[in-house]
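Trainee: build me a model from this:
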Amino acid sequence: MPLLGIVTSPERGESKGRRVLAGGTDPLMALPRIHVTSYASTTRLGQGSRLVYVAPRPSAQRREPGGVVSATEDLIGKLESRGWRAAVVPYARRAEAIQEIVSRHERGELDESFYQEYLAPIVTEPAPESPTPRSLILIAVPDRPLEILFTLDGATFPVTVAPGYVQRARPRPADVVREILAPSGFSAARVDGPQKAMATLSGFARYGRNNISYVSGFGSFHALRTLVSDLPCDDEPPHGLEMLPRCETCQACRVACPTGAIAEDRFLLHAERCVTYWNEKSPEVPFPGWIEPAWHNALFGCLTCQRICPENHAFLDPVIEGPSFDERTTRALLAGAKKEDFENDVRSVLEEWRLADLLGYLPRNLGALVTESRDSRTKDQQEKETGK
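Mentor: Numbering: from 1, shown residues only. Sure, this is the predicted structure:
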């Protein structure tokens, strides 16, 4: 392996890769400046310095026929050519987003059960060890509500799933990003953290009054993905946790929400009152009695506030057409059947739509929707018979 550079030892108080000796008449001192993240191949020279045998730091630019294109521009351009939205922002946004949530918890603004169940795991998650974190890559993939057809008592009825839960298998953003970055020598990895807060503090998204994130061109119908990368990124101050301008005067979602989760006296959602909070809970937890049957409107998630939102009017259609299940399969799903209980053709459909890992929720969630559908049909039939 060739001799590539020389750096001062961290034992002298210097950070790895931050100070590189250069210049002078000594041939060793004329070695190029390099980026060092590991001393796996080094030889001590004395005087607190080491020869370093490492690969040179990847260039953040590459030359195209039309000129020099940065790795960041190349990445964003290729992601947006897929119809996605993307941004590369300072890695500091992650710590700032975590601190924002921790501060709200300390001020008593968050329901304790909700915080411990949903937020504590992501704000206490250790920072990723690899790659060397220099930036966050934010990606928004357009998504739409999904419609699944179930059959029961000889009747077929549609059930909606909010965006982000069930979808046909597609390329994972992390895999796509790694493939794009590989020729430039950069890397990326999944990173946990409060994704909506990270996106909003970066100016990539804004909050709606319903506390759902909105991305330009997608409304709230998107799936957020966040990666950590060693891709260079200029430092810039954070944005505030900004609300959509329209929300300042619009009350549509608050009025439509049947549970009172969207309050009039504060911007922060009462998440413990949201139907989504309850249909995402562990399958053995029943729905509380205060949730009316008619409030259930989706197999997972809730669409009441998103459907009424003026920001989403351009994105309501088309709904994604999902799988259909016959009566035998529907009854098995309601009974709590596991993936291995089904024949291969049904199992393939469950895996194709990524439903296989959610089967445990269906007896409760689908059961509530079936009950509501039956009650509604019975009421309609009675009204027809009485001439109302």
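Trainee: CA only for contacts and neighbour counts going forward, please
Mentor: Fine.
Trainee: which residues of the stretch 201-350 of the chain score low on pLDDT?
Mentor: Under the criterion of pLDDT under 70, none of the stretch 201-350 of the chain is flagged as low confidence.
Trainee: which residues in it form helices?
Mentor: Applying DSSP state H, counting those that start in this stretch to the stretch 201-350 of the chain gives helices spanning 252-256, 275-279, 304-308, 327-334, 344-352.
Trainee: would TSV of those with mean neighbour count be doable?
Mentor: Rendered in TSV, the data for the helices of the stretch 201-350 of the chain read as follows (neighbours: other Cα atoms under 10 Å):
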stretch	mean neighbour count
helix 252-256	18
helix 275-279	20
helix 304-308	19
helix 327-334	17
helix 344-352	15
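Trainee: I'd like to know which of these lies nearest to residue 267.
Mentor: Shortest separation from residue 267 across those is recorded for helix 252-256, at 10.5 Å, computed as Cα to Cα.
Trainee: any idea which of the helices of the stretch 201-350 of the chain gets closest to residue 201?
Mentor: That would be, of these and by Cα to Cα, helix 304-308, which comes in at 21.9 Å.
Trainee: what angle separates the host helix or strand of residue 148 from helix 327-334?
Mentor: Element membership for residue 148, per DSSP states H and E: strand 146-152. With axes from the mean of the first three to the mean of the last three Cα atoms, to 10 degrees as the basis, strand 146-152 and helix 327-334 are set at 110 degrees to each other.
Trainee: distance between strand 146-152 and the chain's centre?
Mentor: The gap between where strand 146-152 is centred and where its chain is centred comes out at 26 Å by Cα atoms, centre = their mean, to the nearest Å.
Trainee: what packs against that strand?
Mentor: With contacts defined as 3 or more Cα pairs under 8 Å, 6 or more residues apart in numbering; DSSP states H and E, the packing partners of strand 146-152 are strand 155-161, strand 320-324, helix 327-334.
Trainee: nearest to residue 353, of these?
Mentor: Shortest distance between residue 353 and the helices and strands packed on strand 146-152, using Cα to Cα, is found for strand 320-324: 7.8 Å.
Trainee: what does the closest one contact?
Mentor: Defining contact as Cα atoms under 8 Å, 6 or more residues apart in numbering, one finds that strand 320-324 is touched by 144, 145, 146, 147, 148, 149, 150, 167, 349, 353.
Trainee: where is pLDDT lowest across these?
Mentor: Sorting the contacts of strand 320-324 by pLDDT puts residue 167 at the bottom of the list (76).
Trainee: quick one, what contacts that one?
Mentor: When the contact criterion is Cα under 8 Å, 6+ apart, the partners of residue 167 are 146, 322, 353, 354.
Trainee: could you redo the last one with a cut-off of 10 Å?
Mentor: Residue 167 sits next to 143-146, 161, 320-322, 351-355 when contact means Cα atoms under 10 Å, 6 or more residues apart in numbering.
Trainee: now restrict these to buried residues only.
Mentor: Buried residues within those, defined by neighbour count using 16 or more other Cα atoms under 10 Å: 143, 144, 145, 146, 161, 320, 322, 352, 353, 354, 355.
Trainee: reformat the helices and strands packed on strand 146-152 as TSV; add distance to residue 238.
Mentor: As requested, those are arranged in TSV below (distance: least, Cα to Cα, whole Å):
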stretch	distance to residue 238
strand 155-161	34
strand 320-324	36
helix 327-334	46
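Trainee: out of these, which gets nearest to residue 71?
Mentor: Once those are compared by Cα to Cα, strand 320-324 is nearest, at 33.9 Å.
Trainee: would you map the strands across the stretch 101-250 of the chain?
Mentor: Counting by DSSP state E, counting those that start in this stretch, the stretch 101-250 of the chain has strands at residues 135-142, 146-152, 155-161, 188-190, 206-207, 213-214, 222-229.
Trainee: redo the helices of the stretch 201-350 of the chain as CSV? Include distance to residue 221.
Mentor: What follows is the helices of the stretch 201-350 of the chain, written out as CSV (distance: least, Cα to Cα, whole Å):
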stretch, distance to residue 221
helix 252-256, 15
helix 275-279, 15
helix 304-308, 8
helix 327-334, 27
helix 344-352, 21
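Trainee: between the ones you listed, which gets nearest to residue 219?
Mentor: Minimum separation from residue 219 across the helices of the stretch 201-350 of the chain (Cα to Cα) falls at helix 304-308, 9.0 Å.
Trainee: neighbouring contacts of that closest one?
Mentor: Contacts of helix 304-308 with the rest of the structure, by Cα under 10 Å, 6+ apart, involve 162, 208-210, 212, 219-221, 252-258, 262, 275, 295-298, 312-313, 315-316.
Trainee: with only the CA atoms kept, save that helix in CSV.
Mentor: These are the backbone C-alpha positions of helix 304-308, laid out as CSV (Å, rounded to 0.1, in the frame of the first residue of the first chain):
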residue,chain,number,x,y,z
THR,A,304,-59.8,12.1,9.4
CYS,A,305,-57.6,15.1,9.7
GLN,A,306,-55.6,14.4,6.5
ARG,A,307,-58.7,14.1,4.3
ILE,A,308,-60.2,17.4,5.5
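Trainee: and residue 70, how many neighbours does it have?
Mentor: In terms of burial, residue 70 registers 16 neighbours under the definition other Cα atoms under 10 Å.
Trainee: grab the nearest non-local neighbour of residue 293.
Mentor: Taking Cα to Cα, 6 or more residues apart in numbering as the measure, residue 293 lies nearest to residue 372, with 5.8 Å between them; neighbours along the chain are not counted.
Trainee: which SS class is the one you found?
Mentor: When classified by DSSP: H, G, I helix; E, B strand; the rest coil, residue 372 comes out as helix.
Trainee: okay but residue 264 is in contact with residue 255, surely?
Mentor: Yes. Using Cα atoms under 10 Å, residue 264 makes contact with residue 255 at a distance of 9.3 Å.
Trainee: next, count neighbours for residue 370.
Mentor: Other residues within reach of residue 370, judged by other Cα under 10 Å, total 19.
Trainee: quick one: low-confidence parts of the stretch 1-150 of the chain?
Mentor: 1-69, 128-131.
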